[in-house]
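Asker: show me how the following folds:
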Amino acid sequence: MSMLKDVLEAGKFGITAEMAPPKGYDFTEQMEAAELLKGKVHGINVTDMQSACLKATGLGLCIKLKQAGCEPIIQMTGRDRNRMAIMGDALAAAAFGIDTMLALTGDHPVCAGGDCKDAKPVYDLDSVGILKMLSKMEETGCDCGGNEIAGGAPKFYKGASVTPLYDPMFLQINKLRQKVEAGAEYIQTQGIFDLEYFKRFMDEVDKAGIKTHIMAGIIPLKAAGMAKFMNANVPGIDVPQHMIDRLAAAAAEGKEKGIKGLPAKVGMEMAAEMIAKIKDEKLCDGVHVMAIGAEKNVPKILDMAGLSI
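Answerer: Predicted coordinates:
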C-alpha cells in the first residue's frame with residue numbers, strides 16, 4: 001500500500017521530494033540522490049518530461065527507485081499519450097508495485113519552451129480526464145475500452161496539482177474541486193513563497209468544503225537570478241522581494257569573503273524556515289520539496305526544518 005496514503009490518512013505530516021529522469025539513459029545521479037532520500041521522505045515524485053523537455057521516461061526511473069527500496073510517485077501527463085497509452089503505463093506501473101500517481105495535463109511543447117518543438121502534443125485527456133479514467137477503471141475493473149482487466153484492476157493513490165497563486169483565486173478553487181471529484185485524494189501545490197497568501201488560499205479551500213490532503217510545494221532557491229527568472233517566466237510563482245534581497249546579499253557577502261555557494265545555502269535556510277512554519281502552524285497536510293536538480297540537498301533542508309519520518 002502507498003506509504004504516502006498511510007501517512008496522510010493517519011493525519012500525519014507528509015513529506016515528498018521530486019526528481020527528473022536523466023537526459024540520457026545513465027541513472028547514476030538519480031540513484032545516488034535516491035539513497036540519500038531513503039528514509040527521509042514518504043515518496044519521490046518522478047517528473048514526466050517536465051517543461052516539455054525530452055528525457056528518459058518516468059516509468060523507467062520509477063521502476064529503478066522501487067527496486068532500490070524507495071517509494072516512487074509516478075507523474076502522468078496527457079501531453080504525450082492518449083488514453084490507451086496512459087492506461088497501459090498505469091498497468092505496467094502496477095505490475096512493479098508502483099501504487100501512487102499524480103495526474104497532470106502537461107506543459108505544451110511550444111509554450112513551455114520545450115526542446116522538441118516539432119513534437120505534436122496529444123491532450124486526449126487532461127488531468128481531470130486522467131483521474132476520471134483511472135477512477136472508473138478501479139470501480140468497474142475494466143480498461144478504457146470497456147474490457148475486463150485480467151486479475152482485476154489495480155488501485156492507485158491518486159493525486160493532482162493546484163496553483164494557489166492565481167487571479168482570480170476562485171478559478172483554481174473550482175479546478176481543485178473538479179480534480180477531487182474526479183478522484184484526487186491528495187494535492188501537491190505549485191511552489192509557494194508567500195505563506196500569508198497560502199493561508200488565504202487554504203481558508204478558501206475550507207470555505208468551499210473541499211476535503212482532500214494538501215501538500216505545500218517548496219522550491220529551494222539557489223540565487224537571486226533564479227528567483228527573478230521564475231517570477232518572469234513561471235506561472236503561479238511570485239518570490240517576494242525580501243527573499244530576492246536576502247539572496248543578493250548572500251551573493252555579495254560570498255564574493256567579498258571568497259565563500260562559494262552562499263546564496264544556495266541561504267536558499268536552503270529559507271526553504272527550511274517555510275517548512276518548519278507550515279508544520280508548526282498546521283497550515284496544511286505536508287510539504288512537497290522540488291529541488292530542481294539539487295535533490296541531494298533535500299535531506300539537509302529537512303534536517304534544518306526539524307522534520308523526520
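
Asker: excluding chain neighbours, what is closest to residue 54?
Answerer: Leaving aside its sequence neighbours, residue 54 sits nearest to residue 116 (Cβ to Cβ, 6 or more residues apart in numbering; 5.2 Å). (C-beta placed from N, C-alpha, C; glycine too.)

Asker: again with residue 91
Answerer: The spatially closest residue to residue 91, leaving aside those adjacent along the chain, is residue 154, at 6.8 Å (Cβ to Cβ, 6+ apart).

Asker: let's verify the one you found: helix, strand, or coil?
Answerer: Following DSSP: H, G, I helix; E, B strand; the rest coil, we place residue 154 in the coil state.

Asker: mind checking pLDDT for it?
Answerer: Here the pLDDT value assigned to residue 154 is 97.

Asker: give me the neighbour count for residue 233.
Answerer: Counted with other Cβ atoms under 10 Å, the neighbours of residue 233 add up to 10.

Asker: what about it, distance to residue 215?
Answerer: With the distance defined as Cβ to Cβ, to the nearest Å, residue 233 ends up 24 Å from residue 215.

Asker: likewise for residue 168?
Answerer: Distance, residue 168 to residue 215, using Cβ to Cβ: 23 Å.

Asker: what's the answer for residue 264, then?
Answerer: Where residue 215 is concerned, residue 264 sits at a distance of 24 Å (Cβ to Cβ).

Asker: show me where the protein has its strands.
Answerer: Along the chain, counting by DSSP state E, strands occupy 14-19, 43-46, 72-77, 100-104, 157-162, 186-191, 213-218, 286-289.

Asker: for the ones you listed, give me TSV that also has mean neighbour count, mean pLDDT and distance to residue 271.
Answerer: TSV is the format used below for the strands of the chain (neighbours: other Cβ atoms under 10 Å; pLDDT from 0 to 100; distance: least, Cβ to Cβ, whole Å):
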stretch	mean neighbour count	mean pLDDT	distance to residue 271
strand 14-19	26	98	12
strand 43-46	27	98	16
strand 72-77	27	98	20
strand 100-104	26	98	21
strand 157-162	24	98	19
strand 186-191	24	98	10
strand 213-218	24	98	5
strand 286-289	28	98	7
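
Asker: quick check: which of the ones you listed is nearest to residue 135?
Answerer: strand 157-162 (7.2 Å; Cβ to Cβ).

Asker: can you give me how far that closest one is from the chain middle?
Answerer: In terms of Cα atoms, centre = their mean, to the nearest Å, the centre of strand 157-162 is set 9 Å apart from its chain centre.

Asker: pairing partners for it, with directions?
Answerer: Using DSSP bridges, the strands paired with strand 157-162 are strand 100-104 (parallel), strand 186-191 (parallel).

Asker: got JSON lines for those strands, with distance to residue 200 too?
Answerer: Below are the strands paired with strand 157-162 laid out as JSON lines (distance: least, Cβ to Cβ, whole Å):
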{"stretch": "strand 100-104", "distance to residue 200": "25"}
{"stretch": "strand 186-191", "distance to residue 200": "13"}
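
Asker: now do the buried residues in stretch 93-110.
Answerer: By neighbour count on 16 or more other Cβ atoms under 10 Å, the buried set for stretch 93-110 is 93-94, 96, 98-107, 109.

Asker: show me the two of these that sit farthest apart.
Answerer: Using Cβ to Cβ, the buried residues of stretch 93-110 span at most 29.8 Å, a distance reached by 99 and 109.

Asker: can you redo the strands of the chain as a markdown table with distance to residue 57?
Answerer: Converted to a markdown table, those look like this (distance: least, Cβ to Cβ, whole Å):
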| stretch | distance to residue 57 |
| --- | --- |
| strand 14-19 | 14 |
| strand 43-46 | 9 |
| strand 72-77 | 10 |
| strand 100-104 | 14 |
| strand 157-162 | 19 |
| strand 186-191 | 20 |
| strand 213-218 | 23 |
| strand 286-289 | 21 |
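
Asker: distance of residue 257 from residue 249?
Answerer: 12 Å.

Asker: these two: who's more crowded?
Answerer: Set residue 257 next to residue 249 and count neighbours by other Cβ under 10 Å: residue 249 wins out with 14 against 8.

Asker: circling back: the residue nearest to residue 54 against residue 79, yeah?
Answerer: No. If you go by Cβ atoms under 8 Å, residue 116 and residue 79 don't touch, sitting 11.2 Å apart.
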